[in-house]
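Novice: Pasted the sequence and its predicted model underneath.
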Amino acid sequence: MKQRLLACCVLMLLAFGARAELMIEVTQGVDAPTPIAVVPFGWSGGAPLPEDIAEIVSTDLHRSGFFGAMKRSDMLSFPQQQSQVFFRDWRVSGQNYLLIGRVVSTGGEQLQVTYELYDVLKESRVFGEQISGSTRNMRDMAHYIADAVFEKLTGLRGAFSTRIAYVTAQNQGGGRHRYSLQLADADGARARTILESREPIMSPSWSKDGSKLAYVSFESSRPGIYVQHLATGKREKIQSFAGLNGAPAWAPDGQRLALTLSKDGNPEIYTLDLARRQLTRVTHHYGIDTEPTWSPDGQSILFTSDRGGQPQIYRVYLSDRRIERVTYEGNYNSSGKLTQDGRFLAMVHRSAGAGAAFNIAVQDLKTGRLDILTQTSLDESPTIAPNGSIVLYATQQGNNGVLAAVSLDGRVRFRMPSSSGDVREPAWSPYLQ
Amino acid sequence: MRALNVTKVAALALTFAWVAGCSSTSTQTDSADMGGSMGSDSGAMTSGSAGMGGMSGSELPAEVANLQTVFYFDFDQSTVRGESFADLEAHARYLASNPQAAVRLEGHADERGTREYNIALGERRGNAVARFLMVNGATAGQVEVISYGEEKPAVMGHGSDSWAQNRRVELKYAGR
């Protein structure tokens, strides 16, 4: 038993050493981001805290593109409570808002964090709150504060407390690769490996409650669809027919998966009732039908099909199997993802014309207008933040696959370069409890 | 091959049992996570890595040792090229006269476009080769098609030369 525990620890250390940490580089923000100063939080305890809450909040707000965070080195003072705030100083240095806070120990690892947001121009307190946690979840507390401030000032729910799953691949030479499925905070921190294999791993998809991931793994030398419970690490192989078993997509009700199977001869969309293990074929066409994604109301599935000669996105209504074509612009539209309100469709798009690149585009399904959001060339795997503000996608930088993001309005951009290997197929979690 | 598979299954089963032990340890260390749902997701960390080598046994039988085993395709196409016919026919003849032999056809695509769509394209190429073999004497039971899409490029690089080498079907004889 002892040996096994030791082996486990060694294994965990190895996995930690091997993780590909992502960093965020904001490459473009809104024209006039709101200036905000996030002052280092006070701490009266002895030993230094493991995380700098103010720094994490400041970085979250800054990378949203909506805010310009003041540099700590430019601050004239570090107030921890209202009586220490001199509004004039902050006004002179151009700040609109000021966030201050303090951390106190409540015994053992337990902490209490108080934060307060001030409107510098009105010289008034906007709101404040006291939250409890421990030294182990300070990053969660910081993302919580960033979410609260973001929502208060933009009216948009923050998505800093969410997570991303993604696949990394390392070429080890001699035809050998190492693939891994990673889980990280939305800012790329605390990355951890949840599956490793010498065979490809693809298409991670979050359950709507954020507790499970479905994905495709070739570990048995054939593609299989697996569901892994994130809390326990337990997983099950749920589908492995002859041929393709791919593109799992969780239904909004959490009870069904849409997926692609070619067991009947060519790739078709199916739904699988997970409790009853009942498979229902949805499409019937000799072309390729794949990459299903659900409408938020669960009434229809959007998918990629080359039934018209080139890949385009179609919608099938589950009640009567009626099919309508959704995309018309360009000669390649695929891998569609809808915003939570069902109005905007992000996708991989290639314009008509020789040598055109593969970009991320968004189509307003109400007006039909299509906007190309990226200028790089091998962009793929779009995934949308649960608040509908940002599309995260995979692209190439130099000879490496990296993640990058762009806001749906194209005004904010950031990249998440990795320390090693190819990073691909991001999947943004829903809001987590 | 069969014996090898049993070993693999045993190794995998052991890994699962062992990993189950692991996850209980890491649950404790991670239980303070505010999210809660993040508890011990490291549990399956090694489940794909133990004893999961690629297919072995792809050595060519002596009778077909000098034949091509990689067949290339045009962009966005799954039509078997004329240059592939002679060697594929010879493979088909070998399969027809050796009913116990079997091949695995691994379909691949270049990196352009989306991954799941490319998996479908790779399968279409594999199926085209499978049909060619069957028309020329192989039986359905001797031919298995697996598509890797763009997941296992033959060469790295982002230009038309690399892409041409990656749009392919690899024919591998199953070990006996």
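Specialist: The structure has been received and is ready for your questions. Just so it is clear, the model here is predicted, and its values are computed rather than measured.

Novice: now the nearest residue to A:Asp264 once chain neighbours are set aside: how far from chain B?
Specialist: Leaving aside its sequence neighbours, A:Asp264 sits nearest to A:Arg281 (Cβ to Cβ, 6 or more residues apart in numbering or on different chains; 7.3 Å). (Each C-beta comes from the backbone N, C-alpha and C, glycine too.) Distance, A:Arg281 to chain B, by Cβ to the nearest Cβ, to the nearest Å: 16 Å.

Novice: Is A:Arg281 in contact with A:Tyr270, as I believe?
Specialist: Yes: assessed by Cβ atoms under 8 Å, A:Arg281 is found in contact with A:Tyr270 at 5.3 Å.

Novice: quick one, which of the two is more surrounded?
Specialist: Set side by side, A:Arg281 and A:Tyr270 show more neighbours around A:Tyr270, with 21 against 13, by other Cβ atoms under 10 Å in any protein chain shown.

Novice: My guess is the more buried one contacts A:Lys263. True?
Specialist: No: contact criterion Cβ under 8 Å: A:Tyr270 and A:Lys263 do not qualify, at 9.0 Å.

Novice: which residues in chain B form helices?
Specialist: Listed in chain order, the helices of chain B (DSSP state H) span B:2-30, B:85-97, B:115-135, B:160-166.

Novice: So what touches the last one?
Specialist: What it means is helix B:160-166. B:72, B:75, B:108-112, B:150, B:153-156 (Cβ atoms under 8 Å, 6 or more residues apart in numbering or on different chains).

Novice: Out of those, which sit inside strands?
Specialist: If you go by DSSP state E, the contacts of helix B:160-166 have B:72, B:108 in strands.

Novice: same for chain A: which of the contacts of helix B:160-166 are within range?
Specialist: Among the contacts of helix B:160-166, proximity to chain A is found for B:111-112, B:156 (Cβ under 8 Å from any Cβ of the partner chain).

Novice: could I get those as TSV with neighbour count and distance to A:Gly233?
Specialist: Shown next, in TSV, are these (neighbours: other Cβ atoms under 10 Å in any protein chain shown; distance: Cβ to Cβ, whole Å):
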residue	neighbour count	distance to A:Gly233
B:Glu111	21	32
B:Arg112	21	35
B:Met156	11	32
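
Novice: and the gap between A:Leu365 and A:Thr327?
Specialist: 10 Å (Cβ to Cβ, to the nearest Å).

Novice: And A:Ser134, by the same measure?
Specialist: Distance, A:Ser134 to A:Thr327, by Cβ to Cβ: 48 Å.

Novice: Looking at those two, which has the bigger crowd around it?
Specialist: A:Thr327 (22 against 17).

Novice: In three-state terms, how would that one be classified?
Specialist: Under the three-state scheme (DSSP: H, G, I helix; E, B strand; the rest coil), A:Thr327 adopts coil.

Novice: re the thing from before, please read off the pLDDT at the residue nearest to A:Asp264 from the model.
Specialist: A:Arg281 carries a pLDDT value of 97.

Novice: check contacts around it.
Specialist: With Cβ under 8 Å, 6+ apart, A:Arg281 has these contacts: A:264, A:268-270.

Novice: Lowest mean pLDDT across the helices of chain B, which one is that?
Specialist: Of all these, helix B:2-30 has the smallest average pLDDT, which comes to a mean of 36.

Novice: Can you say which of the contacts of A:Arg281 are buried?
Specialist: Buried members of those, counted by 16 or more other Cβ atoms under 10 Å in any protein chain shown: A:268-270.

Novice: These in strands, which ones?
Specialist: Using DSSP E, the buried ones among the contacts of A:Arg281 in strands are A:268-270.

Novice: So which of those is the closest to chain B?
Specialist: A:Glu268 (10.3 Å; Cβ to the nearest Cβ).

Novice: A:Gly287 is in contact with the closest one, correct?
Specialist: No: when contacts are counted by Cβ under 8 Å, A:Glu268 is not listed as touching A:Gly287 (9.7 Å).

Novice: if we can go back for a sec, which neighbours do A:Leu365 and A:Thr327 share?
Specialist: Contacts common to A:Leu365 and A:Thr327, judged by Cβ under 8 Å, 6+ apart, are A:Leu345.

Novice: Near chain B, which residues of the stretch 201-350 of chain A are found?
Specialist: Contacts of the stretch 201-350 of chain A with chain B, taken as Cβ under 8 Å from any Cβ, map to A:201-203, A:210-211, A:217-219, A:221-223, A:228, A:230-235, A:242-244, A:246-247, A:260, A:262, A:266-267, A:288, A:290-291, A:304, A:311, A:332, A:334-335, A:348, A:350.

Novice: Go ahead and confirm B:Met134 touches B:Ala140.
Specialist: Yes: counting by Cβ under 8 Å, B:Met134 touches B:Ala140, with 6.3 Å between them.

Novice: With neighbour numbers in mind, choose between these two.
Specialist: More crowded of B:Met134 and B:Ala140, by other Cβ under 10 Å: B:Met134, with 16 against 9.
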